[in-house]
Each structure stands twice: as C-alpha cells, then as structure tokens.
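K.L.:
Fold the following, please.
(chains A and B)
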Amino acid sequence: MSTLEVAGVTAGYGRESVLDGVDFTVDPGHIAAVLGPSGCGKTTLLRALAGHHRITAGQIRVDGRVIADGRVHTPPERRSITVVPQEGGLFPHLDVSANIGFGLRRGPERSTRIAEMLELVGLSGEAKRRPHQISGGQQQRVALARALAPRPSFVLLDEPFSALDAHLREALRAEVKDLLRAEGATAILVTHDQAEALAMGDTVAVMRAGRVVQQDTPSRVYGRPIDAGVARFLGDSVVVEAHEVAEGFATTVLGRVPVAGEGGAVLLRPEQLDVSAEGAPAKVVSTEFRGAYTRVVAVLHGETDEVVVHTRRAVDAGATIGLTVTGEGWLLPG
Amino acid sequence: MLARSPRLPLLLAAGAGAAIATVPLVFLLVRVRQVDTDRLWSIVLRPRTIDLITNSLALVGSVTISCMVIGVATAWALARLQLPARPLFVVLAALPLAIPSYVAAFGWMAMVPGIRGFFWSWLVLTAVSCPLVTLPTLAAFSNADHSVVETARSLGRRPARAWCTAMLPQIAPAAAAGGLLVALYVLSEYGAVSALRLSVFTHAIIDNFRTLFGIDAALALALVLVALAVMLVVLERLVRIRGERWRVGSGAPVPPPRIRAGVFTPVAMASLLVVPVVAFGVPVYAMLTGFTAGGRYPLVWSEWLATTGTTLGVAAAGAVVALFVCLPIGALAARHRGRVVSVIEAAGFTGHALPGVVVGLAFVFFALRVAPSLYHTVYILIFAYGVMFLPKAIGAARSSIEQAPPTLTDTARSLGRGPIHAWWSTTGRIATPGIAAGALLVTLTIMKELPATLFLRPADFDTLATKLWGLMNVQDYGAASAYALTLMVVAAVPALLLSRHSGRQD
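P.N.:
From the prediction side, this is the model:
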C-alpha cells in the first residue's frame, strides 16, 4: 500500500506542452479517477506515471520517494506501477495464463499466483486460450489480472471499458471495483466518462487543458464544483443568479434557496428541481422520457437561459409549470 | 506513441542502412559526372535511343493496359461469381508469378520455334504480370464495403451506375497501383524481351556496355531508364496513399452473396484458364517434354546439384545482407514519423526503382572505384543482391513490427522487464515470423535474378538463372529444362504464399 503524490508535473512532445503543472494525490488502497475531455492530457499523464514519458518539471513521489522529476527518471520496470491499457492490450502470442504470469518471477509461487488470479477474475477454465479466442470483457479481466498479479504499488487503468458495449461496461465497472478492493490495490482510473469516474473513484480529479482543476470526493465534485465548467462537465446543471445572500439563503428567480459556499451564482442539479402547481412559473420547451424520469427543458418567466429538470410527473411541451427547489444549492466561486 | 523521437543508435543504424541502399544510385551519378554533358545529350537524343524509348514505352503501355483489363475482370470473377472449385482458380490466378519471365519466353520458343518480336513479348509479359493486378484487386474486392452499392441503389442508381460510382472507386487504387507495378516490371524487364529479340532499353544498355566505347552510352541510357522508373514508383505511391484514404469505418464488411452465372459458368471458367495456360501451362509443358526428350548434351546431375547449391548459398548470403541492413530501417519506419524518418525510408526503397540491369552497371562502377580487387568476385555479387532486394526486406520488417502494438513493449516494461528484454519478449517475438518469411522471400527472389548476375558474376560462376540463360541461348532445351523446372519450384513458393494471403480475407 503506497501513497502517490504528483506535484506540478509538466510534460509535452517537443515544444508542445501537454501537461502544465498537474497536482493530485492518491491515498493507499484508494481508487482515484482522473476525469477529463479528450485532448486534456490524460493519456500523457498516465504514460508519465508509468514511466513511458519523461516529465520536464515537477515531481512524482511514491511514499515520499521521488521516482521522476526534471532529472530523475526511474525506468518503467522499476516503478512497480502496472497498466491496464485501453482495449486490454494482451500479448497476442501468449495464452491467458502466460499473459497473467508475464510480470511474475519464475519459481514455485508463479503458478500459484496465476491460478489465484485466474480464480479471482473467474477465468480458470480459459487458462490455455489465446486472447483472440476470448470475449472483449474476458480480455479486459485478463488485462486486469496481469496488472495485479505482481502486486504492484499502483495499477493504472487507461479507459479500460471504452471498447465494451454499455451493458458490459456497467457490469464490469462494479466487478473491477470489487477486484481492486479484494486485492487491496491502489488504482488510478483515467477516463472521459463522468458516470464511470463518479461510480468508481474514491476521489475524482478533474483535468482541463493539462492541469487538475479540482480533486475531491465524487459527491463533492458533482455537488460543489470549483466553477461552471467543471459543473457542466459532470452533468446537466442549472445556474441561476443569486440576487442576495444572507444567513445561508440566496434570493433567486426560483425563490429563497438554502445555499453553501460563496459566490454570485447558485448551482442546482436537475434532480433538485421539481414540478408543482406553485413555485416559479416556467414555460416547457421540450421533454424527453428517460424511463426513471422525464428530462424537461424549460425557460423561467422573465429569463432567457434554459433550465433542466428531472421529474417523475407528466409534463407537456408548451405548457406552463411551476418549479420548486429541494435541497441545498452551491454558490459557484468567483 | 508515434510522436516519441527515435533513439540515437537506432537512427544511426538506419541512416547507415539508407546510405548503403543508395550506393548504386550514387555511383551511377558519380560515374555520369565524368561524362561530358553534351555527349550525354547527344547519346540520349540519337534516333536509335528514341527508337528504344518508343519500343519500351509501347511495350510498357500495352502490357499495363491489358494486365489491368484482364486483372480487374479476373479479380471480379473470383470475388463475386459462384464458381465451382473457386479456391483452385485463386491459386491458378497467382500461379504465373511462379514463372520467371525469361523461362516463360523460352517455353514458348521451345514450343513455337522462330517466334520473336513485339507481339510475343506482349503476350508473355502480359500473362506473367497479370497477378500483380489480379491479387491486390481481389483483396480490394474482398475488403470493399458493398453496402455503399446498396445505398447507391436505394438512392435511385441503376445497378451498373451504382457499381461504377460506389464500388469502382474502392478497387481502383489497388488496380492502379498494381498496374503501375506491372509498368515498372516491364520497363525493367531484360530476360524475356532479350530472348524474343525485341530491342528495348535494358537490352541496349547491356549491348552498349559490352562494346569498348559504349560505356558512356550504357550510362546515359541507364539514367533515362532510372528517371522513367522513378516516375512510375512515385506515381504508384501516390495512388496507393490516396487509396488508403477511402477506407472509413473499421470492422469486417459483410460480403454480398455471390452471383450465379448459370449457363455462363463454363465460359467464365474457361476464360479464367487463359492466363494460367499462357504463362504457366505452355512453358511447363515445354519444359517437361524437353526434359524427358533430352537435348544435344545430356544433363550432368552433379553440375545441376552444384549450381543449385551455389545459387542457394549466394541467395541466402544476399538475404542475410538485406536482413541486417533492413532491420533498423524497418524498426524506425514502423514506430516513428518525421522528415528524417521519411528520408531514410525513401532511401531504403531506392532499389525498388532501379532495374536489375542498372544495379549491375552501378556495382561495376562501385567495384572498380572502391574495391577493384572485389570486381568480379562473389562478394560484390552478394552485396549487390542485398542492396537490390532491400525494399522487399524493409517492407517485411516494417509491417511485421507494425503488427505488434508499441504499447505491448510498454506494458512489458511496466511488468518489470528491462528495455531490451521487453522488446524481445513482445515486439521481437511477434515480428520474427514475418521477418523470417520476408528473408525467405528475398532468398527465393535472388535465386531468379538474371541481369545483375550477368553483369557481376565471376568468370565460370553460374547460378540457376545464368546457367539456364546460357543453355537456352544455344537452344539446348533438354538440359535447360532441368534448370527451368528447378527455378519454377523455387518461384512457386512465394506465389503460393501470396495467393494464400489474398485469398484468406474471404
């Protein structure tokens, strides 16, 4: 069990800088999700952590020991940081058990550990199969087992579910989380899928343009984002102006709303709004039935911005409805 | 991952390989500079030279056009018609590759005494070159997305129009690239046209070289030939690169059901037999009858055995040279991009645009200037082989290394292996079979090589090809047959490998 600290890491390709001072930490036994849109530098960060890409400044520390800075560069094979690549990246010329055993030293424990890992990922029957003979989900499990087998300090998961279909992705998400817990592994999950980051991470680090702009628990990055950009990236958001803030309440077009934080605009999530006869009047622009709820887009009277509401009531487009707020709003800083 | 810059040792090794690859071109140019420019132009513009150019271009044009027509039709029939014994017809379509052109020419000359000239050269070369169009076009048909034809139909196009607007563009790049390869091949051709007494470029280069005062003329002609060949190579590249852009989605397209030809099936099958019979059937028949009938002199088996052994030896040695030079270039080209890398790779492919006759000539100059003691030794021959077939080896090395995703090596390092060990246990392991197959292909190709060997071989040294050439020129078809049959077996191996490769996709 180890602690990972990333401090002010910069890196790039040639003159083009990709990472521009990345900071975040991972506590022992935790899963840290790194979330960001494509092109924000996630993959470069992952390669820098694994040692496949040299950093130009900053530090990467494992339990206080520097494994990389502007001068030091511990080679990948001595970092004890393994990777589960996108789409598995299994060695096509080796069978399942040889893939899992790839990072293990020869010796009597090797086969025991392989058997243990096969058992853990539920693939004992497929030990002698080649990667192309097993399904995509199974390949992903083998890749995870291969990364966990040498008991590394950290496992890096690089968008591990992106190649799988939606059903399998959700099933495997829970399974992988359990496996990581069972092995007591410390993991970093890199993804652009906010649902995946929120579901799997003990913490979520949101990356934007080569920096981590916020790292916090999933519920806090979702409910208390650092700015409107992070708020939007994590899901539908409703932002209304706070005319006056006093004693934990903000006066808004939606009425008096309990709030936390400091700032001039109140962030609410669509599930915090509900449709009722009273409340602030709004005109429904469109509706979309999503099964568990209906997503309603409406415009409050006297306003121009659209707000999004998740409701279980039946609402028609064009109708005028009333909107009320439940729970606490978050004052966006700045 | 491609953005990582290559390590210095790899870059240096690849650079050295590229320098070796350009030896023939450089020495050709060095020697040309010794000749007065006015004299060069006067040779190039002589009526005789113009005649040769006309002959060569007419042959190149007619063979290329006929190969493209026949090749595309054959590929379409093989890809889309419901034929009995279809796999057999695919093999038959590839079989002409197993016949060195000069063997085919001699086969026909043994069958029909006295034939010579343009028509017969056209016939023989068209038949043996057809697979160069057929095989890539067949692969393109198999990979083509047929759903766009259906989309075009839904949008109101008649079947033929839909096919032309939606299917033709998908196979055209492969067919055009194949056609350009045919053109290059015919332009470089020496054996068959020389046997059939058609005066073309390559023939004139050797004739001039043999006369005391003709070396300058040989040189001038060689330059013109190289210029034409380079043009074809550049065109072929452009066409192929444009072709690659056509592919959009990934995933295997579903092939449409094959067309039932009904009463036309026998017609189709008979037509598909024409090319294999001309290129393969007639020569093989001629060789077999020649072999059983015997010639003026009986075949000396010990001599046959010795020649086969020597040929294998020099060919394998040439392949080893090619392998050593190609590996760093292939590794560099597979993993890195950039201007330096492009220049090194392009330099490595120089041999592709140099006809065997020109390579022979250039290495004569090279030996005379750099190592006179090596002139007319087997060492210079082996070196020339290595350089000449370097492009094939680079191609094999590059594609084999590309097959192993670079992330595998990264993953192996994360799992605790050092850089070299990690490379060997992943990329090395995965690329080895492909590179070995490439080396085998180079060996077999060298065994068939004729013009450069004629230039560079030591006195009293014979490969299977030169031995056959000598016997054929004295019309001793009996003894020649044994050598011809041996060469066919040698050449059949890569042809079969190729046909398996292009037949596999469906």
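K.L.:
number of nearby residues for residue 273?
P.N.:
Unless you meant another one, I'm taking chain A. Residue neighbour count, defined by other C-beta atoms under 10 Å in any protein chain shown, stands at 24 for residue A:273. C-beta coordinates here come from the backbone N, C-alpha and C atoms, glycine included.
K.L.:
ah, I was thinking of chain B
P.N.:
Taking other C-beta under 10 Å as the criterion, the count of residues near residue B:273 is 13.
K.L.:
Just to be sure, it is in a helix?
P.N.:
Yes. For residue B:273, which was evaluated using DSSP: H, G, I helix; E, B strand; the rest coil, the result is membership in a helix.
K.L.:
What separation is there between the residue nearest to it when sequence neighbours are not counted and residue B:271?
P.N.:
Spatial nearest neighbour of residue B:273, chain neighbours left out: residue B:92 (7.2 Å); criterion: C-beta to C-beta, 6 or more residues apart in numbering or on different chains. With distances defined as C-beta to C-beta, to the nearest Å, the gap from residue B:92 to residue B:271 amounts to 12 Å.
K.L.:
Would you map the helices across the stretch 301-450 of chain B?
P.N.:
Listed in chain order, the helices of the stretch 301-450 of chain B (DSSP state H, counting those that start in this stretch) span B:301-335, B:339-348, B:356-370, B:378-388, B:390-403, B:406-414, B:419-423, B:429-448.
K.L.:
Now the residue of the stretch 401-506 of chain B found nearest chain A. Its backbone dihedrals?
P.N.:
Of the stretch 401-506 of chain B, the residue with the smallest distance to chain A, taken as C-beta to the nearest C-beta, is residue B:415 at 3.0 Å. Backbone dihedrals for residue B:415, given as degrees, to the nearest 10, come out at phi -90, psi 10.
K.L.:
Also residue A:7?
P.N.:
With angles defined as degrees, to the nearest 10, residue A:7 shows backbone torsions of phi -130, psi 120.
K.L.:
what about the closest residue to it other than its chain neighbours, how many residues close to it?
P.N.:
Of all residues not flanking residue A:7 in the chain, residue A:59 sits nearest, at 4.8 Å (C-beta to C-beta, 6+ apart). The criterion is other C-beta under 10 Å. On that basis, residue A:59 has 16 neighbouring residues.
K.L.:
Same check on the one 3 residues further on?
P.N.:
Here the neighbour count serves as a burial measure; for residue A:62 (other C-beta under 10 Å) it reads 21.
K.L.:
quick one, what contacts residue B:379?
P.N.:
Under the criterion of C-beta atoms under 8 Å, 6 or more residues apart in numbering or on different chains, residue B:379 has no neighbours.
K.L.:
Repeat that for residue A:148.
P.N.:
Contact partners of residue A:148, counting by C-beta under 8 Å, 6+ apart, are A:82, A:117, A:120, A:155, A:179-180, A:183, A:185.
K.L.:
mind listing what's buried in stretch B:404-423?
P.N.:
B:404-417, B:422-423 (16 or more other C-beta atoms under 10 Å in any protein chain shown).
K.L.:
which residues touch the helix or strand where residue B:288 lies?
P.N.:
Residue B:288 belongs to helix B:282-293 when elements are defined using DSSP states H and E. The list of residues contacting helix B:282-293 from outside it, by C-beta under 8 Å, 6+ apart, reads B:99, B:103-104, B:106-108, B:110-111, B:477-478, B:480-482, B:484-485, B:488.
K.L.:
Please indicate which of those are buried?
P.N.:
Those of those that meet the buried threshold are B:99, B:103-104, B:106-108, B:110, B:477-478, B:480-482, B:484-485, B:488, by 16+ other C-beta under 10 Å.
K.L.:
Restricted to strands, list these.
P.N.:
Judged by DSSP state E, the subset of the buried ones among the contacts of helix B:282-293 located in strands is empty.
K.L.:
What part of chain B, helix or strand, is modelled with the least confidence?
P.N.:
Of all regular secondary-structure elements in chain B, judged by mean pLDDT, DSSP states H and E, the least confident is helix B:147-154 with a mean of 67.
K.L.:
Just give the number of residues close to residue 310.
P.N.:
By default, I'm working from chain A. Using other C-beta under 10 Å, residue A:310 has 18 other residues around it.
K.L.:
right idea, wrong chain: chain B
P.N.:
Neighbour number of residue B:310 under other C-beta under 10 Å is 16.
K.L.:
Then the one 10 residues further on?
P.N.:
For residue B:320, the neighbour count with other C-beta under 10 Å is 16.
K.L.:
same deal with residue B:361?
P.N.:
30.
K.L.:
what's near enough to touch it?
P.N.:
Under the criterion of C-beta under 8 Å, 6+ apart, the contact partners of residue B:361 comprise B:28, B:205, B:209, B:218-219, B:222, B:455.
K.L.:
would you turn those into TSV with distance to chain A and pLDDT?
P.N.:
What follows is these, written out as TSV (distance: C-beta to the nearest C-beta, whole Å; pLDDT from 0 to 100):
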residue	distance to chain A	pLDDT
B:28	38	87
B:205	47	85
B:209	50	82
B:218	48	85
B:219	44	85
B:222	42	87
B:455	43	86
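K.L.:
pLDDT value on the closest residue to residue A:264 other than its chain neighbours, please?
P.N.:
Leaving out its chain neighbours, the residue that sits closest to residue A:264 by C-beta to C-beta, 6+ apart is residue A:242, at 5.8 Å. Model confidence at residue A:242, given as pLDDT, is 89.
K.L.:
What's the local residue count around residue A:242?
P.N.:
The burial count assigned to residue A:242 is 19, neighbours taken as other C-beta under 10 Å.
K.L.:
and if you look at residue B:493?
P.N.:
Counted by other C-beta under 10 Å, the residues lying close to residue B:493 total 14.
K.L.:
you'd agree it is in a strand?
P.N.:
No. Remark: residue B:493 does not belong to a strand; assigned using three-state DSSP, it is helix.
K.L.:
For the stretch 151-300 of chain A, which segments count as helices?
P.N.:
Taking DSSP H, counting those that start in this stretch to define them, one finds helices in the stretch 151-300 of chain A at A:166-182, A:194-200, A:218-223, A:228-233.
K.L.:
Nearest to chain B, out of those?
P.N.:
Sorting the helices of the stretch 151-300 of chain A by C-beta to the nearest C-beta, the top spot, which is the nearest, belongs to helix A:166-182 at 16.7 Å.
K.L.:
Figure out how far the closest one is from the centre of its chain.
P.N.:
Taking C-alpha atoms, centre = their mean, to the nearest Å, one finds helix A:166-182 lying 14 Å from the centre of the chain it belongs to.
K.L.:
contacting residues for the residue nearest to residue A:264?
P.N.:
With contact set as C-beta under 8 Å, 6+ apart, residue A:242 has these partners: A:250-252, A:259, A:263-266, A:331.
K.L.:
Just the residues you listed: which are in strands?
P.N.:
A:250-252, A:259, A:265-266, A:331.
K.L.:
which helices and strands sit right next to whichever strand or helix holds residue B:16?
P.N.:
When secondary structure is defined using DSSP H and E, the element that contains residue B:16 is helix B:8-21. Where contact means 3 or more C-beta pairs under 8 Å, 6 or more residues apart in numbering or on different chains; DSSP states H and E, helix B:8-21 is packed against helix B:301-335, helix B:339-348, helix B:390-403.
K.L.:
what's the angle between the second one and helix B:301-335?
P.N.:
For helix B:339-348 and helix B:301-335, the angle between their directions (axes from the mean of the first three to the mean of the last three C-alpha atoms, to 10 degrees) works out to 160 degrees.
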